[in-house]
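Engineer: with the input below, show me the fold.
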Amino acid sequence: MSNVLVTYFSASGVTKRVAEGIANENGYDIFEIVPQEIYTPEDLDWTDKNSRSTIEMNDRKFRPPIKETCDVSGYDTVVIGFPVWWYTAPTIINTFIESVDLSGKKIKAFCTSGGSGIDKCVSDLAGTYPELDFKKGMRFMGDVSKAKEWIENE
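Structural biologist: Residues are numbered from 1 along each chain as shown. Predicted structure coming up:
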């Protein structure tokens, strides 16, 4: 077991490829955050006010159920990856955070996005969970060559 766990939620496969690249290239363990009900393309239609993702993101208290969680007790650093939805982390990330004990862990969030950055995502998560130690996040566009340095340094 490495001292770093890479966790991620991916709706379309982009974040999955980045997370797998980070884990595989650096020997980190990996865990996929899987919703109980997989998102369909219709669910992800951000232009539809009645799509599942729009409804969920409009209710910041909603926690989409996940299939399973994992034991993070053996890790000092937990990396959490996700696509940016509505300029922040999808609410399923809150479900995961609330399902594990991240106290005392260094938390590094990364996002995949063609336009939005990570800073607001990390700020929102840190504001929701002020007791947790969120570090500077990073946005990846496919190239994960800087991941190890970012994860293992403050």
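
Engineer: please enumerate the strands of the chain.
Structural biologist: All strands of the chain, identified by DSSP state E, fall at 4-8, 29-32, 77-83, 106-112, 133-134, 138-140.

Engineer: okay, the angle between the fourth one and strand 77-83?
Structural biologist: This points to strand 106-112. Counting by axes from the mean of the first three to the mean of the last three Cα atoms, to 10 degrees, strand 106-112 lies at 20 degrees to strand 77-83.

Engineer: skipping its backbone neighbours, what lies nearest the residue positioned nearest the centre of the chain in space?
Structural biologist: Centroid-nearest residue in the chain: G81, 3.1 Å away (criterion: Cα atoms, centre = their mean). Nearest non-adjacent residue to G81, counting by Cβ to Cβ, 6 or more residues apart in numbering: Y8, 3.6 Å away. Every residue, glycine included, has its C-beta placed from N, CA and C.

Engineer: do me a favour and get the end-to-end distance for stretch 69-76?
Structural biologist: 17 Å (Cα to Cα, to the nearest Å).

Engineer: can you get me a residue count around the closest residue to R52 other than its chain neighbours?
Structural biologist: Nearest residue to R52, sequence neighbours excluded (Cβ to Cβ, 6+ apart): D43, at 3.8 Å. By the measure other Cβ atoms under 10 Å, the count of residues near D43 is 17.

Engineer: what's the mean pLDDT across stretch 88-101?
Structural biologist: Across stretch 88-101, pLDDT averages out at 97.

Engineer: buried sites along that stretch?
Structural biologist: Buried residues in stretch 88-101, counted by 16 or more other Cβ atoms under 10 Å: T88, A89, P90, T91, I92, I93, N94, T95, F96, I97, S99, V100.

Engineer: swap in stretch 36-52?
Structural biologist: Residues Y39, D43, L44, S51, R52 are the ones in stretch 36-52 that count as buried (16+ other Cβ under 10 Å).

Engineer: what residues does the second one make contact with?
Structural biologist: For D43, the contacting residues are S51, R52, S53, taking Cβ atoms under 8 Å, 6 or more residues apart in numbering as the criterion.

Engineer: how about the third one?
Structural biologist: Contacts for L44 were tallied using Cβ under 8 Å, 6+ apart; they are A11, S12, S51, R52, S53.

Engineer: adding distance to K108, write the residues you listed out as CSV.
Structural biologist: Formatted as CSV, the contacts of L44 follow (distance: Cβ to Cβ, whole Å):
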residue, distance to K108
A11, 21
S12, 22
S51, 30
R52, 28
S53, 24
